[in-house]
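1. sequence and predicted structure are below.
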Amino acid sequence: MSTITTRDGVNLHVDDSGDSGDLGRTVVLIHGWPLSAESWSSQTEVLRKNGYRVVAYDRRGFGRSDKPDSGYEYDTLAKDLEDVLTGLDLTDVTLVGFSMGGGEVARYFSVGDTSRIRSVVFAGAVPPYLLKTDDNPDGPLTEEAAKGMEDGLRADRDAFFEDFTMGFFSVGDDLKVSEETRKEAVRLAQQSDQTAALGCMEAFGTTDFREDLPKIEVPTLIIHGDSDDIVPFEGSGKRTAEMVQHSRTTVIEGAPHGLNASHAAEFNASLLEFLAD
């Protein structure tokens with residue numbers, strides 16, 4: 001465990017398996033909204049046992065990190081990621097961005113030091129552009145749905161997070177994780193600052209990554225559930241694959257949005273195979 005201070009003075013909580021000589025390449029895990037680095041629990045030990053150094057940090061405003069009043073747009077968030085990499089002097093890194101975290105990965109290639117990056121993974125990730133607009137008709141998020149999410153979060157956080165985590169881990173009415181796992185996600189969501197939660201909701205819903213993705217020239221894996229109702233594959237992962245050269249795609253059958261927990265075995269197998277190349 002360590003703390004990295006960003007260029008604008010925000011302390012980010014970092015879980016780091018360490019830099020001993022027994023550890024191999026570094027995998028940096030970037031969590032989804034509105035969770036924290038703890039949401040990677042089904043991946044961290046598996047990666048470590050397979051010889052990787054694992055770094056996972058809490059986004060500003062979430063988990064155990066500082067909760068400033070600003071900085072919840074993707075340019076700043078991607079620079080926070082760069083500050084983690086430079087603060088720990090990480091090179092030959094694989095970035096794994098889940099859901100909202102895929103936005104940091106994409107934007108990093110416009111604002112960060114890409115010489116540090118070996119490869120990237122988009123897992124149930126929001127790029128290329130969620131919001132449905134006139135020039136983005138394939139965006140899966142309508143303005144009405146986005147406003148409904150914002151209104152729900154503002155009106156009653158507790159009720160919103162209960163409902164959101166049900167959809168996060170479900171296919172239809174079928175919850176694909178234990179109730180204990182879902183309740184743990186609610187606990188992590190409750191650690192978020194309201195300003196951060198609202199700011200990041202706007203960011204992941206309205207940020208256009210279509211100019212960032214073609215800049216990615218490293219090996220890329222896209223992992224997505226075919227039953228993801230929060231970030232549907234057709235409007236996100238499939239389109240990202242079309243925009244990124246050197247990419248491969250794993251679609252996990254019957255997996256909801258929170259596939260790294262619900263389908264951890266399949267997720268980890270795909271990730272480890274990609275890392276081994």
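-> Arrived safely, thanks for sending.

2. please report phi then psi for N50.
-> phi -90, psi 10 (degrees, to the nearest 10).

3. and it, what does it touch?
-> 272, 275 (CB atoms under 8 Å, 6 or more residues apart in numbering). (Each C-beta comes from the backbone N, C-alpha and C, glycine too.)

4. and the helices in this structure?
-> Assigned by DSSP state H, the chain shows helices spanning 41-49, 74-87, 101-111, 143-155, 157-168, 179-190, 194-206, 237-243, 259-262, 264-276.

5. closest one to D16 among those helices?
-> D16 sits nearest to helix 74-87 of all the helices of the chain, at 9.5 Å, using CB to CB.

6. against which helices or strands is the closest one packed?
-> Secondary-structure packing of helix 74-87 (3 or more CB pairs under 8 Å, 6 or more residues apart in numbering; DSSP states H and E): strand 2-5, strand 11-16, strand 26-30, helix 101-111, helix 194-206.

7. so can I have CSV of those showing mean neighbour count and distance to D75?
-> Below are those laid out as CSV (neighbours: other CB atoms under 10 Å; distance: least, CB to CB, whole Å):
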stretch, mean neighbour count, distance to D75
strand 2-5, 15, 18
strand 11-16, 20, 16
strand 26-30, 26, 15
helix 101-111, 25, 6
helix 194-206, 19, 10
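
8. I'd like the ones you listed as TSV, with mean pLDDT and distance to N268 appended.
-> Compiled in TSV, the helices and strands packed on helix 74-87 are given as follows (pLDDT from 0 to 100; distance: least, CB to CB, whole Å):
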stretch	mean pLDDT	distance to N268
strand 2-5	95	25
strand 11-16	97	18
strand 26-30	97	12
helix 101-111	98	17
helix 194-206	98	24
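
9. isn't D8 up against G71?
-> Yes. Between D8 and G71 there is a contact under CB atoms under 8 Å: 6.6 Å.

10. so those two - more neighbours on which side?
-> G71 (19 against 13; other CB atoms under 10 Å).

11. and for the more buried one, nearest residue in space, chain neighbours not counted?
-> R60 (5.7 Å; CB to CB, 6 or more residues apart in numbering).

12. pLDDT wise, what is that neighbour at?
-> Note for R60: predicted pLDDT of 98.

13. quick one: closest of the helices and strands packed on helix 74-87 to A241.
-> helix 101-111 (12.3 Å).

14. show residues contacting that closest one.
-> Contacts of helix 101-111 (CB under 8 Å, 6+ apart): 29-32, 59, 74-75, 77-82, 95-97, 114, 117, 120-128, 203-204, 207, 209, 211-213, 215-216, 240.
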